[in-house]
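# I'll drop the sequence and a predicted model, then ask my questions.
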Amino acid sequence: MYRHTTVLLCLVLALGAKASLTAGGAGTDGATLRKIASSVEGRAGVIAIEASAPVAYVAAQPDPRTFVIELRDVEVRGFADHFKADPRHPFSAVAVEPGRAVDGVATARVSVALSEPLRPRVRSSRNVIYVEADRLDRPADRSGRTPPRLSGVSTSVGPAAAILRVSASRRGAATAVTLHGSARLAASSVVAPQEGAPRLVLDLANATSTLPGRNPVGQDPVDTVHIGLSAASPLVTEVVMDLTRRGPYRVESSADGRELTVVFDDPAAGPSPGTPVSAGSAPRTMASPDSALRLAQAGQPPAAPPQGASQGPPAQAPASQAAAPAPQQPAAAGQGRFTGFPVSLDFQGADLRAVLRTFSEISGLNVVIDPSIQGTVDVALRDVPWDQALDIILRANRLGYTVDGTVVRIVPLNVLAQEQAERQKLAEAQALAGELQTITRTLSYARAETVQPLLTATVLSRRGSITTDQRTNTLIITDLPERLTQAGGLITTLDRPEPQVEIEARIVQTTRDFAQRLGVQWGATGRAVPELGNTLPLGFPNQATVGGRTGGATTGVPAGGERQQGPTGGDAAATVVGLGVTGATSGIGLALGAINGALNLDVILSALESSGQGRLLSTPKVTTQNNIEAQITQGIQIPIQTVANNTVTVTFRDAALSLLVQPQITAANTVIMRITVENASPDFSRSVNGIPPIDTQRALTQVLVNNGETTVIGGIYISREQASQGRTPGLYRIPLLGWLFQRNEVTDESRELLIFITPRIIRL
């Protein structure tokens with residue numbers, strides 16, 4: 001059965017046409033209907049409706065075999081009916097009836113009977129309106145196939161319907177609640193909320209109601225039926241059925257669609273409670289608005305419901321809100337907000353008030369237009385939802401609307417803003433007109449002087465005031481009773497104990513030293529003197545003495561370069577080769593000499609090897625409240641004297657281990673810490689005028705650490721390797737024996753500093 005209708009609105013005002021509307025909307029210079037003729041043009045049958053001037057018209061298709069064109073501001077008198085029936089023609093008959101629109105304007109209603117279900121096309125050219133449809137004997141194409149006829153069924157909802165009454169009846173153990181409408185009633189959604197009181201909510205797109213908001217039923221399980229406009233969109237009527245219990249239900253529609261029935265079955269005989277079922281006891285599938293929209297845009301028919309399911313109209317998306325100038329959206333993204341049936345608009349210099357009244361006729365809404373609205377409309381739209389067209393026109397003219405029951409009031413946006421501001425001022429004035437009261441609150445954890453500005457900025461009215469008593473940490477608040485209640489709740493939230501955080505720092509210093517030294521010293525003396533009988537065979541020089549330091553076998557190991565008494569009892573000169581090791585821990589000496597002492601030779605080998613490791617652990621620990629900074633320090637202060645203008649000034653500088661931290665506990669049980677750790681110690685081995693330098697290690701950072709976990713916030717590693725060599729020129733090159741004329745030193749030193757932080761949350 002043909003369940004859907006298509007309404008096509010076209011308001012054509014040709015350039016140069018003389019058509020004006022009075023304040024009431026009635027035409028002053030109406031056109032007349034001249035003639036109606038039919039013809040066959042190519043593959044289409046055409047009906048031409050000619051008026052004396054360009055006119056506005058509304059085209060509707062109430063059923064598959066009837067097409068109606070209603071001409072606005074047109075008088076029916078003395079027109080020529082030249083319509084001729086033709087077997088090839090898709091139109092079988094034409095009838096003309098005069099009438100009046102809701103604003104008193106004369107109309108001419110042209111009803112066209114169709115030979116078979118078709119969807120005609122409508123176009124206009126100046127003062128002629130053409131209605132076209134494919135011929136019944138359309139010729140085949142080159143492939144031999146008959147081309148498809150441009151006809152079909154629209155998936156949109158037809159003209160607005162009105163809910164006339166609500167009835168309830170018994171069907172055996174089931175209860176049936178029926179909504180009776182003046183036209184087809186289409187449920188865009190059926191929802192049974194699982195939370196709150198049991199109820200069933202139906203949304204009816206393009207529908208109004210003539211009933212009061214509350215309609216008692218009293219048939220178990222339906223107690224009351226509430227009917228009103230949807231809170232989401234004033235273009236959708238919401239029917240709420242208050243239930244005494246949850247149970248299975250199904251939705252049925254009559255053959256003509258004017259009756260929408262909800263049948264509540266006995267829970268013992270039906271499926272599980274809350275499960276919607278169809279008339280054939282199969283689950284009823286309601287197509288979502290988005291999916292129905294996508295199918296319609298893609299040209300695909302909606303998916304058929306399961307066999308035996310209710311063949312109700314397809315689901316519709318919620319109607320649009322046109323109250324405020326929302327940001328423009330792309331067409332593909334914004335179409336899902338509109339559910340009106342498609343219309344085509346062609347306005348050129350049309351009166352804005354008349355256009356808005358035309359939308360009232362299409363939608364069935366009760367519309368009140370503000371007297372200050374004036375202007376004209378110029379817009380050309382093709383096949384767009386009527387509610388989207390209304391939204392576009394309202395936003396283009398900076399208009400909005402308010403909803404009062406079933407009445408939609410259209411006003412300029414500045415009027416809405418002014419009314420809202422006046423309502424707000426009135427509400428504020430009424431709120432400030434109350435009697436002032438005073439309360440006192442003694443705080444336990446928060447400081448009164450800290451809470452005072454927070455209360456002043458958030459909950460106090462202009463008449464309110466707050467004073468504090470620091471001695472007792474008490475707030476004294478004077479304000480309206482409602483504001484005092486809000487202030488009390490905020491104080492309860494703010495005056496609560498804060499958790500504490502224990503922060504433990506570990507500062508670890510490690511050192512490693514290694515040194516290796518190997519040195520040699522040579523001493524030698526030679527004499528040619530008369531007393532030894534080995535003078536030189538020359539007159540000059542006849543005697544000579546050559547020597548470096550020398551010593552006998554019993555001579556101790558000397559320090560390199562020292563003068564030492566030789567075997568002869570005199571002071572020996574410096575060593576011939578002085579490459580000894582300072583502070584040697586090992587050594588061996590060898591002395592050789594002639595019997596008469598004319599030649600002495602000695603050698604000393606010295607060696608040193610040392611290694612060491614050290615570890616220093618410092619563990620400062622401090623506990624503080626959340627968001628409160630804490631500091632702990634341990635060490636000494638070094639006095640430093642300065643003299644200026646004969647004045648001695650003593651200042652003290654810390655050489656200490658200190659920990660400065662401010663924790664912040666997060667909702668995830670982690671701790672954010674701003675940390676400053678410093679380890680400073682004096683180095684007296686490098687003092688200058690008795691004032692030692694301070695060896696300092698410092699870390700300044702902010703970290704996020706889980707409760708009880710440890711993180712490394714700093715590390716310094718220093719490594720120093722040094723190798724040196726002392727040699728006797730030339731002699732160190734002697735193969736195999738060159739090492740006897742060298743001194744080798746190797747030093748390896750490393751230091752490492754690590755700082756660990758561990759926070760622990762302590763809750764009271």
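Ah, there it is.

# For stretch 711-731, which outside residues touch it?
The contact list for stretch 711-731 (C-beta atoms under 8 Å, 6 or more residues apart in numbering) reads 519, 577, 579, 675, 677, 697, 699, 701, 703, 705, 738, 740-758. From N, CA and C alone the C-beta is placed, and that goes for glycine too.

# Please identify the buried residues of that stretch?
Ile713, Gly714, Gly726, Arg727, Thr728 (16 or more other C-beta atoms under 10 Å).

# Next: stretch 750-764.
Buried, per 16+ other C-beta under 10 Å, within stretch 750-764: Leu753, Ile755, Phe756, Ile757, Thr758, Pro759, Ile761.

# Could I get those in JSON lines, plus columns for distance to Leu454 and secondary structure?
Formatted as JSON lines, the buried residues of stretch 750-764 follow (distance: C-beta to C-beta, whole Å; DSSP: H, G, I helix; E, B strand; the rest coil):
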{"residue": "Leu753", "distance to Leu454": "44", "secondary structure": "strand"}
{"residue": "Ile755", "distance to Leu454": "38", "secondary structure": "strand"}
{"residue": "Phe756", "distance to Leu454": "38", "secondary structure": "strand"}
{"residue": "Ile757", "distance to Leu454": "32", "secondary structure": "strand"}
{"residue": "Thr758", "distance to Leu454": "34", "secondary structure": "strand"}
{"residue": "Pro759", "distance to Leu454": "28", "secondary structure": "strand"}
{"residue": "Ile761", "distance to Leu454": "25", "secondary structure": "strand"}
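
# Let me know the closest of the residues you listed to Arg109.
For the buried residues of stretch 750-764, the residue nearest Arg109 by C-beta to C-beta is Ile761; the value is 81.5 Å.

# Tell me which residues touch that closest one, please.
Counted by C-beta under 8 Å, 6+ apart, Ile761 has contacts Pro499, Gln500, Val501, Ile665, Asn669, Val671, Asn707, Gly708.

# In the stretch 351-500 of the chain, what residue spans correspond to helices?
Secondary structure of the stretch 351-500 of the chain (DSSP state H, counting those that start in this stretch): helices at 352-363, 386-396, 413-432, 448-458, 481-494.

# Switch those helices over to JSON lines; also include distance to Arg171, mean pLDDT and mean neighbour count.
Output for the helices of the stretch 351-500 of the chain, formatted as JSON lines (distance: least, C-beta to C-beta, whole Å; pLDDT from 0 to 100; neighbours: other C-beta atoms under 10 Å):
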{"stretch": "helix 352-363", "distance to Arg171": "34", "mean pLDDT": "81", "mean neighbour count": "21"}
{"stretch": "helix 386-396", "distance to Arg171": "37", "mean pLDDT": "87", "mean neighbour count": "22"}
{"stretch": "helix 413-432", "distance to Arg171": "48", "mean pLDDT": "86", "mean neighbour count": "12"}
{"stretch": "helix 448-458", "distance to Arg171": "58", "mean pLDDT": "92", "mean neighbour count": "14"}
{"stretch": "helix 481-494", "distance to Arg171": "52", "mean pLDDT": "91", "mean neighbour count": "15"}
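
# mind giving me a markdown table with the ones you listed and columns for distance to Ser125?
Listed next are those as a markdown table, based on distance: least, C-beta to C-beta, whole Å:
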| stretch | distance to Ser125 |
| --- | --- |
| helix 352-363 | 22 |
| helix 386-396 | 23 |
| helix 413-432 | 38 |
| helix 448-458 | 67 |
| helix 481-494 | 67 |
